[in-house]
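Colleague: This is the structure alone, sequence omitted:
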């Protein structure tokens, strides 16, 4: 199954609030560590390397060349 | 400084050829009497090749250096009659612990697969290994081990290399059909033939110390990421340099401690006892009693020579490929180079295979070296993250691994070295029938318990017992059951039939299971105990074609 690039969250505003709230009270460094952990947790849940590869490409900052 | 080991001083002897001032031609000359060169010499003798081995020094490795030896090299040494002694002398370990800062992240048990003669890994000081191999060379009539012989130059013609060698008696020349360069990562031989040795350099420096202690530590492998007793320096940009420490036990209560130092550390300064001892004391605690045996600082690179053969000069071990120390890939992969090379050289020297067979050495072992380099680079990138972002990702893995089983396989403190199957080798005959399991063509034969003549033994030993002294080694047709099968011949090379159920009994059923065999199944096995081809029933024409292919004919 390819990466789902269409809306898939039933309550987008609610989820975004939850995401931001989850990092309340954290320093930048702590928040970044949490983001890194979150990536790993979700990547493991997805498991499919092809999907993850697509996601990595989609997430790369705009205006930067694709990873080599 | 060494308390537990006295370095032997081997005697220099002037060779007859130097004394008599004649240029002698030798089939094989090995450069360097380290673990790989000594293995090469013994393997040559095992296959009936007279061999001269030159070393510019006259003792064994100073310091323990290589520590971990894995199953496949132990199996190769077992073929040479040394494996059991190494296992007995060495330290076996199964449990590893990983720490991050103050906390244990998790522990693991290697749970080695049962039913192999050799363990997954032993720890043993390199000097013990070399000393045993030097003694074995002394017992062999085919090995001429010459100390204090320094190679100065090599020139090559089509079918011969001329070596200029310096001894305490002056300079002389010798000729060789083949030269095996086992003179390490800084190989002079490689420089002499202008071999291209390229790859990635790492800035990190490591301090390795051998200490003797009657420690209460169990015989386990302990690895710390950013340990509290050895924090990294903070760079001007605020980035705290990652550090790691490894504690590993060797024989005689000698413990290896491996400290990762900062990029800008001064190796000479760090090696001083007044600098090393407080580091170790901080790690072991104020009450620990220990004595320092040996200290070294090293920096490493991951690189490979572009071609493992330059004319008549063949590279093996660190002279051919240099890896990071994580995962014990240096000496282990070097021994497998030799496993791969010598039977081919012997067949070519005997005129039974074309020189193209020697080229398959580069094909197979460069493939294995690249696999090792990949694994080693991956470990290095985990252990020594190069940016704040990758350090954060690494720390995220370590934090998660404390409670989340999914994160533990991502923790990479060095992976156990295992042989790389030569899956794409031109010597293989591809499967035409369905087989399950790991024994596809190009793979080293898995061991299994068997009965021979009613006595319990091991499959690999049974293969070794088929070896004809003085020969390159025999190809074996391993046949299950008593269906039709006959020996096959290509020129002077024979593949003999070894029957499961007659010549050896698969008492535990493990052999049959590991090779996914049924009655009638046939494996063609190379002299280096690798699978060349396999079928569900014997067919003389197919088997002969596979043998020809495996001889590069």
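Modeller: On my side now, so go ahead. Since the structure is predicted, the reported quantities are computational estimates derived from the model, not experimental observations.
Colleague: switch to C-alpha atoms for all contacts and neighbour counts from now on
Modeller: Will do.
Colleague: Now do the most centrally placed residue in chain A, the pLDDT please.
Modeller: Nearest to the geometric centre of chain A sits residue A:39, at 5.8 Å (CA atoms, centre = their mean). Residue A:39 is assigned 98 on the pLDDT scale.
Colleague: again, but for residue B:159
Modeller: 93.
Colleague: check contacts around the nearest residue to it once chain neighbours are set aside.
Modeller: Leaving aside its sequence neighbours, residue B:159 sits nearest to residue B:177 (CA to CA, 6 or more residues apart in numbering or on different chains; 6.3 Å). The neighbours of residue B:177, taking CA atoms under 8 Å, 6 or more residues apart in numbering or on different chains as the test, are B:25, B:26, B:27, B:28, B:159, B:160, B:161, B:312.
Colleague: Up against chain B, what does chain A have?
Modeller: A:32, A:33, A:34, A:36, A:37, A:40, A:44 (CA under 8 Å from any CA of the partner chain).
Colleague: just checking, what packs against the top helix by length along chain A?
Modeller: Longest helix of chain A, by residue count under DSSP state H: helix A:28-46. The contact analysis (3 or more CA pairs under 8 Å, 6 or more residues apart in numbering or on different chains; DSSP states H and E) places helix A:28-46 against helix B:388-403.
Colleague: For the chain, which residues score under the pLDDT cut-off?
Modeller: Assuming you mean chain A. Residue ranges of chain A with pLDDT under 70: A:68.
Colleague: Hmm, no, I was thinking of chain B.
Modeller: For chain B (pLDDT under 70), the answer is B:1-2, B:64, B:215.
Colleague: which residues touch the residue of it found nearest chain A?
Modeller: Closest approach between chain B and chain A, counting by CA to the nearest CA: residue B:396, at 4.9 Å. By CA under 8 Å, 6+ apart, the contact set of residue B:396 is A:33, A:34, A:36, A:37, A:40.
Colleague: what's the angle between the lengthiest helix in chain B and helix B:388-403?
Modeller: When chain B is parsed with DSSP H, its longest helix is helix B:356-383. Taking axes from the mean of the first three to the mean of the last three CA atoms, to 10 degrees, one finds helix B:356-383 and helix B:388-403 inclined to each other by 80 degrees.
Colleague: ok, and does helix B:356-383 reach over to chain A?
Modeller: No - judged by CA under 8 Å from any CA, helix B:356-383 and chain A are separated, with a smallest distance of 14.5 Å.
Colleague: And that helix, what does it pack against?
Modeller: Using 3+ CA pairs under 8 Å, 6+ apart, the elements in contact with helix B:356-383 are strand B:291-305, helix B:330-349.
Colleague: could you redo the last one with a cut-off of 7 Å?
Modeller: With contacts taken as 3 or more CA pairs under 7 Å, 6 or more residues apart in numbering or on different chains; DSSP states H and E, helix B:356-383 sits against helix B:330-349.
Colleague: all strands of the stretch 201-350 of chain B, in order?
Modeller: B:221-225, B:244-249, B:254-261, B:291-305, B:309-310, B:313-315, B:321-322 (DSSP state E, counting those that start in this stretch).
Colleague: so who does residue B:415 touch?
Modeller: Applying CA atoms under 7 Å, 6 or more residues apart in numbering or on different chains, we find residue B:415 in contact with residue B:327.
Colleague: ok, now how distant is the spatially closest residue to residue B:461 that is not a sequence neighbour from residue B:20?
Modeller: Distances taken as CA to CA, 6+ apart place residue B:79 nearest to residue B:461, at 7.3 Å, with adjacent residues excluded. According to CA to CA, to the nearest Å, residue B:79 and residue B:20 sit 37 Å apart.
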